[in-house]
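> Curious how this folds, go ahead:
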Amino acid sequence: MLRETQQEEFPLLSEVTQGVLEDPLTLMNSIYDEDGVVVPCPLPDAMWKSLPQMMSETLSLYDDADIRTMLLMAMMPTLGSAMSNVRVRHGQRLYSLGMMNICVGPSASGKGCVGEVASLIDDINRIICEESAQAMADHRKRHKRYTRLNSQLTFAAKGDVSQLVDVNDIAGEVDEPQAPLRRMHKLPAKTTAANYYRLLYANGDNVSFLYIPEIAEMVAANKGSFGDFMYILLAAQNEEQLHTGRKTDDEDYLIEHTRLALVATGTMSSVREFIPNLEDGLSTRFLYHCLPAKDTVRGEMDEATAEAFIDVYGHHRGVLTDIWKELRPFEGKAEDELPRLIITDEQREYIDEYYRQLVSFVALALPDRDLRAPILRSRLNLYRMLMIIAVLRRYEELGTVEGMFGEKRFTVSVTDLKWGLAYIFYSMMQTSTIYSRLRREEREEPKHTYNISALAFVQLLPHQFTTAVATKQGEEMGIKERAVRHHLRTLCLKGYIERLRQGVYRKVTRCINSKNRQAA
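Alright, predicted model coming up:
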């Protein structure tokens with residue numbers, strides 16, 4: 001019934017996957033993970049093989065279809081971060097290609113291979129770190145000359161000409177030189193929120209890349225003294241302004257555009273802590289991929305496969321670095337002078353109609369999940385993905401990076417446009433899986449909590465009992481373990497129970513009976 005409705009009322013959902021899938025509903029198979037939740041099946045081979053060579057060759061190194069699909073999700077932010085000086089238009093503003101994706105999977109499921117995709121920008125990060133180190137070394141030299149100038153002026157005032165230095169060595173050093181801020185393209189996964197502000201400010205209009213191998217680390221950092229990163233992530237999706245005012249002037253940073261590409265992996269339990277609810281707007285900032293648990297163990301890499309990894313990754317890492325270098329002359333130029341994606345009026349009307357149908361279809365197919373906000377936010381990520389594909393297509397056409405950006409306007413073919421729309425539908429199915437898990441605890445009926453005193457509680461226990469028995473009784477009554485232990489300590493101090501040994505207690509009958517007679 002739903003498939004017939006889709007074909008009659010939502011024809012574009014079938015059209016965008018024509019030649020790839022029978023219909024969009026085939027993306028949803030009865031694949032259940034360890035939590036009993038339906039997980040979308042991996043993308044068919046035709047979808048990732050139709051991508052540009054850099055992407056398809058990298059994904060072809062992996063045999064597991066679920067791993068390939070997850071790596072495609074992680075590859076988009078990685079590639080977009082290397083194209084900092086490229087823009088897409090959404091609404092009335094121009095945006096960079098920074099995307100934020102989260103890969104969710106059980107422990108030991110293979111999601112750690114996301115780090116291999118993140119290594120595609122290692123050479124870019126190394127160049128920026130070396131430039132930053134050289135700028136700091138130059139600053140130290142200038143500061144040394146500045147110190148010598150002050151010494152000369154001091155000795156000249158005293159008339160001690162024996163300590164004068166060569167004027168040519170200190171010429172031009174009038175004001176004290178200021179130390180440059182440290183720069184890096186790949187932000188560290190473990191640092192303070194204040195340092196993230198500092199690094200984002202130092203990178204300016206460039207996109208910073210952040211890879212978090214375990215999202216539980218960020219959850220722990222938020223609870224500790226490292227600071228709250230939520231404001232950064234909330235601002236990064238739409239590149240909003242961030243301002244931090246601190247005690248000293250040198251720590252007062254105004255970030256005009258928060259440009260960040262994020263790839264994070266973690267288990268579902270850590271994601272629940274990271275996104276405690278669906279109403280604060282944080283969950284709609286991300287695209288998700290759910291990696292299902294599998295009984296089979298993925299094979300180890302043999303020697304031939306390892307050599308293929310080195311060759312393919314090494315080649316494409318070099319190409320991506322060359323594309324990044326070709327874009328560097330655009331640094332500092334006005335936004336409207338940068339290379340950007342051009343969507344024709346016909347394509348824009350097609351996208352508008354597709355999104356209208358997608359919102360209506362998802363509301364009909366998944367009425368228990370509020371996916372309107374993620375769908376609307378995904379439109380900006382659609383343009384970002386299309387621009388990444390368009391840049392790589394132009395590289396394939398020219399065969400070299402030289403002159404790639406002589407023509408600053410990039411267009412997207414009908415085939416790539418339909419691929420992007422199909423992928424958006426797939427990401428929404430993945431998001432619906434995440435939302436069903438996040439809302440699971442909200443759908444459970446809350447346990448009734450009894451307001452009961454410590455003495456009344458212990459009367460429900462056997463004459464001799466253990467801590468485990470008391471804790472189980474407390475859970476049935478809605479009393480937390482911490483409160484149960486507090487009751488036991490209080491009763492021991494008052495003499496109502498006695499502790500025989502570690503974890504074993506016995507009631508003092510005369511005290512309890514006496515208390516009951518007084519109450520009577």
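
> thinking in terms of the whole chain, how far from its middle is stretch 96-104?
Offset of stretch 96-104 from its chain centre (Cα atoms, centre = their mean, to the nearest Å): 6 Å.

> same question, stretch 53-61
Averaging C-alpha positions (Cα atoms, centre = their mean) puts stretch 53-61 22 Å from its chain's average.

> Show residues contacting it.
48-51, 68, 71-72, 75, 79, 117, 120, 305, 308-309, 312-313, 316, 319-320, 392, 395-396 (Cβ atoms under 8 Å, 6 or more residues apart in numbering). C-betas here are computed from N, CA, C, even on glycine.

> which of the residues in it are buried?
Of the residues in stretch 53-61, 54-55, 57-59, 61 count as buried by neighbour count, 16 or more other Cβ atoms under 10 Å.

> so where's the stretch 201-350 of the chain uncertain?
Applying pLDDT under 70 to the stretch 201-350 of the chain picks out residues 222-228, 245-251, 294-304.

> mind listing the strands for it?
Remark: strands assigned in the stretch 201-350 of the chain by DSSP state E, counting those that start in this stretch are 208-212, 242-244, 253-255, 260-266, 287-290, 340-341.

> go on, the chain?
Along the chain, counting by DSSP state E, strands occupy 88-90, 93-95, 100-104, 186-187, 208-212, 242-244, 253-255, 260-266, 287-290, 340-341, 409-410, 464-466, 497-501, 504-507.

> which among the buried residues of stretch 53-61 gets closest to residue 183?
Of all the buried residues of stretch 53-61, residue 183 sits closest to residue 54, with 25.8 Å by Cβ to Cβ.

> before we move on, back to that, Serialize the strands of the chain to JSON lines and add fields for distance to residue 490 and mean neighbour count.
Formatted as JSON lines, the strands of the chain follow (distance: least, Cβ to Cβ, whole Å; neighbours: other Cβ atoms under 10 Å):
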{"stretch": "strand 88-90", "distance to residue 490": "60", "mean neighbour count": "19"}
{"stretch": "strand 93-95", "distance to residue 490": "59", "mean neighbour count": "18"}
{"stretch": "strand 100-104", "distance to residue 490": "43", "mean neighbour count": "23"}
{"stretch": "strand 186-187", "distance to residue 490": "49", "mean neighbour count": "20"}
{"stretch": "strand 208-212", "distance to residue 490": "43", "mean neighbour count": "24"}
{"stretch": "strand 242-244", "distance to residue 490": "46", "mean neighbour count": "16"}
{"stretch": "strand 253-255", "distance to residue 490": "51", "mean neighbour count": "16"}
{"stretch": "strand 260-266", "distance to residue 490": "39", "mean neighbour count": "26"}
{"stretch": "strand 287-290", "distance to residue 490": "46", "mean neighbour count": "25"}
{"stretch": "strand 340-341", "distance to residue 490": "67", "mean neighbour count": "20"}
{"stretch": "strand 409-410", "distance to residue 490": "71", "mean neighbour count": "14"}
{"stretch": "strand 464-466", "distance to residue 490": "16", "mean neighbour count": "16"}
{"stretch": "strand 497-501", "distance to residue 490": "10", "mean neighbour count": "14"}
{"stretch": "strand 504-507", "distance to residue 490": "12", "mean neighbour count": "17"}
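
> Which of these sits closest to residue 376?
The nearest among the strands of the chain, by Cβ to Cβ, is strand 88-90 at 11.1 Å.

> what packs against the closest one?
Where contact means 3 or more Cβ pairs under 8 Å, 6 or more residues apart in numbering; DSSP states H and E, strand 88-90 is packed against strand 93-95, strand 340-341, helix 372-398.

> ok and the last one relative to strand 100-104, angle-wise?
For helix 372-398 against strand 100-104, the angle between stretch directions is 100 degrees (axes from the mean of the first three to the mean of the last three Cα atoms, to 10 degrees).

> How far off centre is helix 372-398?
The answer for helix 372-398 is 18 Å, by Cα atoms, centre = their mean.

> Give the buried residues for that helix.
Those would be 374-375, 377-395, for helix 372-398 by 16+ other Cβ under 10 Å.

> For residue 417, which of the strands of the chain is the nearest?
strand 340-341 (10.9 Å).

> now the closest one, how far from the centre of its chain.
So, by Cα atoms, centre = their mean, the centroid of strand 340-341 is 24 Å from its chain's centroid.

> Does anything pack onto that strand? Which helices or strands?
Against strand 340-341 (3+ Cβ pairs under 8 Å, 6+ apart) you get strand 88-90, helix 372-398, strand 409-410.

> tell me the angle the longest one makes with strand 260-266.
Which is helix 372-398. Going by the same axes, to 10 degrees, helix 372-398 makes 110 degrees with strand 260-266.

> can you tell me which residues contact residue 379?
Per Cβ under 8 Å, 6+ apart, neighbours of residue 379: 90, 351, 355.

> what separates it from residue 351, distance-wise?
Using Cβ to Cβ, to the nearest Å, residue 379 is found at 7 Å from residue 351.

> just residue 323 next, same as before
For residue 323 relative to residue 351 (Cβ to Cβ), the value is 26 Å.

> for residue 394, same thing?
Counting by Cβ to Cβ, the gap from residue 394 to residue 351 is 21 Å.

> again, but for residue 109
Separation of residue 109 from residue 351 (Cβ to Cβ): 34 Å.
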